[in-house]
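>>> Take a look and give me a structure for this.
(one chain, ligands or ions: 1)
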Amino acid sequence: MFSKVLVANRGEIAVRIIRACRELGVKSLAIYSDADASAPHVREADEAVNIGPPPSRQSYLVGERIIEVAKDHGAQAIHPGYGFLSEQEWFARAVRNAGLVFVGPPAEAIAAMGSKTAARTLAVKNNVPVVPGTTEALADLDVARELAEKFGYPILLKAAAGGGGKGMRVVRDPSELESSLGGAQREAKNAFGDDAVYIEKYIEGPRHVEIQILGDKHGNMLSLGERECSVQRRHQKMVEESPSVAVSSQHRHWMGEAAVRLARAAGYVNAGTCEFLLDQNDEFYFLEMNTRLQVEHPVTEFVTGIDLVQWQLRIAAGERLPFLQNEIKPRGWAMECRITSEDTANGFLPSTGRIDYLHIPSGPGVRWDGGIETGSEVGLHYDPLLAKLIVWAATRELAIERMHRALLELTIDGIETSRDFHLRLMEDGEFRRGEIEIQWLERRLGSLTYVKPPVDLVDAATIVAALLAERDRGRTATSYRLPATGERVAGSRWPVAGSRWPVAALYNECGTDGWKSTARREGLR
Ligand code: MV4
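Alright, predicted model coming up:
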């Protein structure tokens with residue numbers, strides 16, 4: 001095993017990797033930008049090195065400097081986490097050329113899966129089902145017409161160089177084909193510098209189901225089952241779970257075999273994910289492969305009992321996987337909520353500021369993967385993901401109840417977060433019945449978007465008094481649980497009916513003895 005690993009990331013995933021290192025007896029070397037000087041990942045690591053100013057382009061994305069830091073400080077390997085440099089073929093190659101180990105797939109496997117059409121071609125060659133369609137760029141409108149008739153409307157135009165939904169156009173009627181093709185080509189050219197567009201049959205109302213795979217350097221390749229990731233908005237997932245209500249053990253077996261075949265063909269090693277669409281007739285189609293550890297990996301860890309990050313490190317160090325495929329069966333149910341600094345009641349606008357108070361849920365079956373603490377400053381330089389709340393229980397119903405309970409325990413004061421939105425999600429009938437697909441969340445946003453109900457003036461006075469009593473006892477809590485609903489109030493901007501001021505402002509205005517005068521000013525009795 002390595003003696004020291006550089007963790008080329010920040011936030012919750014850096015903390016997650018540092019934890020795995022410590023459990024394996026490996027020293028961790030963190031890197032940080034000026035904005036992260038006092039971040040939890042810096043304190044938790046054995047060593048930390050500043051690598052530049054806040055913007056990622058001048059810090060977390062400067063691969064050459066990160067490699068130098070690793071060499072200067074005696075690290076033998078670099079774990080890239082997700083995002084940043086994790087799927088950059090050149091970085092994986094540069095790490096290897098520097099005599100270090102990249103904790104991830106070989107550069108060649110990243111390249112093989114980087115082009116969506118190349119990945120699609122490799123899938124077809126290896127008998128992995130893909131959506132009916134072409135791989136070659138559409139030569140002209142006549143060819144497009146012919147192929148659209150052949151596959152049948154609706155069809156989907158996709159950028160060959162693409163990914164992430166850019167340059168995608170649904171065409172429902174032949175009359176729209178000409179303008180959609182022009183639009184898709186323009187968008188592809190702008191986004192990727194390549195106007196090549198190909199055609200696929202459009203799948204209506206599918207689920208996003210992905211298969212986690214894990215392969216060692218000795219030819220062992222395992223499927224660790226599926227994750228259901230359909231609850232997403234604008235390609236940002238909000239809730240993930242494993243297993244999926246839509247996947248039978250027969251399907252799990254078929255999809256797992258397909259994913260393993262494709263990964264082998266790509267020369268894949270380490271942890272990776274094959275994304276599939278699962279349609280309403282239970283047909284599955286390969287979409288693309290993610291050549292990195294994913295945000296949602298903990299749900300797989302919970303149901304398989306396999307520590308993915310530890311195994312990433314073990315595999316990178318040359319160890320063999322000791323598991324057999326037939327020993328891997330999902331046990332119980334796991335669910336993850338991505339806690340983000342977004343104002344879900346205002347179009348998911350990013351929310352910034354200081355986290356004045358953080359209370360982390362705990363208790364049976366609860367896991368918190370976080371990169372924040374009381375006092376953290378949340379800015380706009382990085383991704384809004386603050387933490388992940390993950391639960392495990394015996395069944396899906398129990399997992400949802402446990403998640404709801406854990407979300408009620410969670411308090412984040414000072415900024416807006418997705419916490420209240422997740423609470424409403426856990427209470428939603430369709431979600432509880434598992435009636436979800438990739439468009440579900442966006443269709444339901446209006447009814448799920450949580451607008452804080454006004455607290456009445458008498459409640460506000462009670463809350464302010466309770467908070468002041470806490471302050472007098474030397475505690476820092478700035479929120480109060482409404483006994484009626486279990487909701488936490490006063491965190492940030494909870495409205496008060498008949499008052500110009502939210503609860504938090506009332507509280508902040510009150511000196512140790514000033515709350516009564518403030519209350520009087522606001523007409524409280
Ligand atoms: C599709 C599709 C429906 N039919 N392909 C979105 C991004 C890219 N990875 C592929 N995507 C899709 N491809 C066909 N033929 C629907 C999507 C899609 C989607 C896929 C997975 C997760 C979320 C999605 C949200 C919108 C559209």
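>>> Not counting stretch 158-165 itself, show me its contacts.
115-117, 135, 137, 166-168, 184, 187-188, 191-194, 196-200, 235, 288 (C-beta atoms under 8 Å, 6 or more residues apart in numbering). In this view, the C-beta of every residue, glycine as well, is placed from N, C-alpha and C.
>>> hang on, Ile306 is in a helix, isn't it?
No: if the criterion is DSSP: H, G, I helix; E, B strand; the rest coil, then Ile306 is coil and not within a helix.
>>> how about the nearest residue to it, chain neighbours excluded?
Leu224 (6.3 Å; C-beta to C-beta, 6 or more residues apart in numbering).
>>> How many residues are close by the residue of the stretch 351-500 of the chain found nearest the ligand?
Using C-beta to the nearest ligand atom, the single residue of the stretch 351-500 of the chain nearest to the ligand is Ile438, 4.1 Å away. Neighbourhood size, Ile438 [other C-beta atoms under 10 Å]: 18.
>>> and it, what does it touch?
Applying C-beta under 8 Å, 6+ apart, we find Ile438 in contact with Gly205, Pro206, Arg207, His208, Ser230, Gln232, Leu277.
>>> do that again at 7 Å, thanks
Pro206, Arg207, His208, Ser230, Gln232 (C-beta atoms under 7 Å, 6 or more residues apart in numbering).
>>> For the third one, report the pLDDT, please.
The model reports His208 with a pLDDT of 98.
>>> how would you label the residue lying closest to it once chain neighbours are set aside: helix, strand or coil?
Nearest non-adjacent residue to His208, counting by C-beta to C-beta, 6+ apart: Cys229, 4.6 Å away. With three-state DSSP as the basis, Cys229 sits in strand.
>>> Around the ligand, pick out the residues from the stretch 51-200 of the chain.
Within the stretch 51-200 of the chain, the residues that sit near the ligand (C-beta under 6 Å from any ligand atom) are Val131, Leu156, Gly163, Gly164, Gly165, Glu200.
>>> and those, which of them are in strands?
Among these, the ones falling in strands (DSSP state E) are Leu156, Glu200.
>>> Which among the residues of the stretch 51-200 of the chain next to the ligand count as buried?
Among those, those buried by neighbour count (16 or more other C-beta atoms under 10 Å) are Val131, Leu156, Gly163, Glu200.
>>> Redo the residues you listed as CSV? Include pLDDT.
Formatted as CSV, these follow (pLDDT from 0 to 100):
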residue, pLDDT
Val131, 96
Leu156, 96
Gly163, 70
Glu200, 95
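>>> of the residues you listed, closest to Ala70?
Minimum distance to Ala70 across those is 28.6 Å, recorded for Gly163 (C-beta to C-beta).
>>> picking that back up, state the pair within the buried ones among the residues of the stretch 51-200 of the chain next to the ligand that is farthest apart.
Between any two of these, the greatest separation by C-beta to C-beta is 14.9 Å, found for Val131 and Gly163.
>>> Can you say which two of the residues of the stretch 51-200 of the chain next to the ligand are spatially most distant?
Across those (C-beta to C-beta), the longest gap, 16.7 Å, separates Val131 and Gly164.
>>> quick one: the strands in the stretch 51-200 of the chain?
Listed in chain order, the strands found in the stretch 51-200 of the chain under DSSP state E, counting those that start in this stretch are 77-79, 101-102, 155-159, 169-171, 197-201.
>>> burial measure for Asn126, as a count.
Counted by other C-beta under 10 Å, the residues lying close to Asn126 total 15.
>>> I'd like the mean pLDDT over stretch 98-110, please.
Average pLDDT, stretch 98-110: 98.
>>> Repeat that for stretch 392-406.
Mean predicted lDDT for stretch 392-406 stands at 97.
>>> what do you get for stretch 229-240?
Stretch 229-240 shows an average pLDDT of 97 in the prediction.
>>> can you list contacts of it?
164-165, 207-208, 210, 227-228, 296, 299, 335-338, 425, 436-438, 440-442.
>>> Narrow these to just the buried residues.
Judged by 16+ other C-beta under 10 Å, buried ones among those: 207-208, 210, 227-228, 296, 299, 335-338, 425, 436-438, 440-441.
>>> Select from those every entry located in helices.
Using DSSP state H, Val299, Leu425, Trp440, Leu441 are the members of the buried ones among the contacts of stretch 229-240 that sit in helices.
>>> Now for these: which two are most distant?
Spatial extent of these (C-beta to C-beta) is set by the pair Val299 and Trp440 at 18.5 Å.
>>> Contacts only, for Ala39.
When contacts are counted by C-beta under 7 Å, 6+ apart, Ala39 touches Arg10, Tyr32, Gly371.
>>> Just send those residues back as TSV, with secondary structure and pLDDT too.
TSV is the format used below for the contacts of Ala39 (DSSP: H, G, I helix; E, B strand; the rest coil; pLDDT from 0 to 100):
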residue	secondary structure	pLDDT
Arg10	coil	98
Tyr32	strand	98
Gly371	coil	96
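>>> By neighbours, which of these wins?
Arg10 (28 neighbours).
>>> how much space between that residue and the ligand?
Using C-beta to the nearest ligand atom, to the nearest Å, Arg10 is found at 25 Å from the ligand.
>>> Out of the ones in helices among the buried ones among the contacts of stretch 229-240, the closest to Thr485 would be?
Proximity of these to Thr485 (C-beta to C-beta) peaks at Leu425, which lies at 16.4 Å.
>>> Assess the claim that that closest one and Leu448 are in contact.
Yes: counting by C-beta atoms under 7 Å, Leu448 is a contact partner of Leu425 at 6.2 Å.
>>> residues touching the nearest residue to Ala111 once chain neighbours are set aside, list them.
Distances taken as C-beta to C-beta, 6+ apart place Glu89 nearest to Ala111, at 4.8 Å, with adjacent residues excluded. Neighbouring residues of Glu89 by C-beta under 7 Å, 6+ apart: Ala107, Ile110, Ala111, Gly114.
>>> neighbour-wise, which of these leads?
Most neighbours among those, by other C-beta under 10 Å: Ile110, with 25 neighbours.
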